[in-house]
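Asks: Only the shape, not the letters, is given here:
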């Protein structure tokens, strides 16, 4: 079994007297897609925010390949390879889709925001951006302003920008939310392709059970901010405790 690429140790956050995430400890490994599920208010997105840095933990730690990220800003965590789709959405809304992706490629290359660059450098950046454009099936809107995209294409642009940053950890929070039946399969196919890269770790918050069954190697269940279950999809989904939680029976973790 590969070494964990991402670890949360007793990760906790309190808002006043409310404990939104309560001492959650999990290891995540390369080549594994983990889906985080739970009823509304379970703490799923809050847990994601703690990992990616949008929220600062009250206690506990987030480790990436042995590096403590707990006190780092989201941008610094991204530099360390933790990528979350919404962080890059519509980087420049009035620029074209291709230009947005090219800027993400440029940022990843360490080329900064230099105004003056060689024509060869610009051509190379554009060629790399076009590969992500093709991978996400956005060629038809390449020269359209990002702000003018349909919701489905905006979600695909999120994935393209995230891919362009080449993270080790991919984080998707309900990636098909609000998408039409026509667009959703494209995004799910992209996530499935990322999953097949055994050097990448994928975390997914999702409530659609058909998506969970199609993609998950592992499921963790949060309930009232506490880790309730963790295991392979068949075991977790057949657990009576998990079923009771989804039926609203007020079950407390053992």
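Replies: All right, it came through fine. Just so it is clear, the model here is predicted, and its values are computed rather than measured.
Asks: Contact partners for residue 81?
Replies: By C-beta atoms under 8 Å, 6 or more residues apart in numbering, the contact list for residue 81 reads 64-65, 167-169. No exception for glycine: its C-beta is placed from N, CA and C like everyone else's.
Asks: Mind splitting this structure into its structural domains?
Replies: Using automatic domain parsing, the domain parsing of the chain gives 1-81+168-254, 88-166.
Asks: and the ones you listed as a markdown table, adding mean pLDDT?
Replies: Formatted as a markdown table, these follow (pLDDT from 0 to 100):
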| stretch | mean pLDDT |
| --- | --- |
| domain 1-81+168-254 | 90 |
| domain 88-166 | 82 |
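Asks: If you count neighbours, what's buried in the longest helix seen in the chain?
Replies: Ranked by residue count, the top helix of the chain under DSSP state H comes out as helix 119-135. Going by neighbour count (16 or more other C-beta atoms under 10 Å), the buried part of helix 119-135 is 125-126, 128-130, 132-133, 135.
Asks: before we move on, what about stretch 99-107?
Replies: Residues 99-107 are the ones in stretch 99-107 that count as buried (16+ other C-beta under 10 Å).
Asks: And for stretch 181-197?
Replies: Judged by neighbour count (16+ other C-beta under 10 Å), stretch 181-197 contains these buried residues: 183-184, 186-188, 190-191, 194-195.
Asks: Out of those residues, which is nearest to residue 222?
Replies: residue 191 (20.4 Å; C-beta to C-beta).
Asks: Report the separation between that closest one and residue 199.
Replies: Separation of residue 191 from residue 199 (C-beta to C-beta, to the nearest Å): 16 Å.
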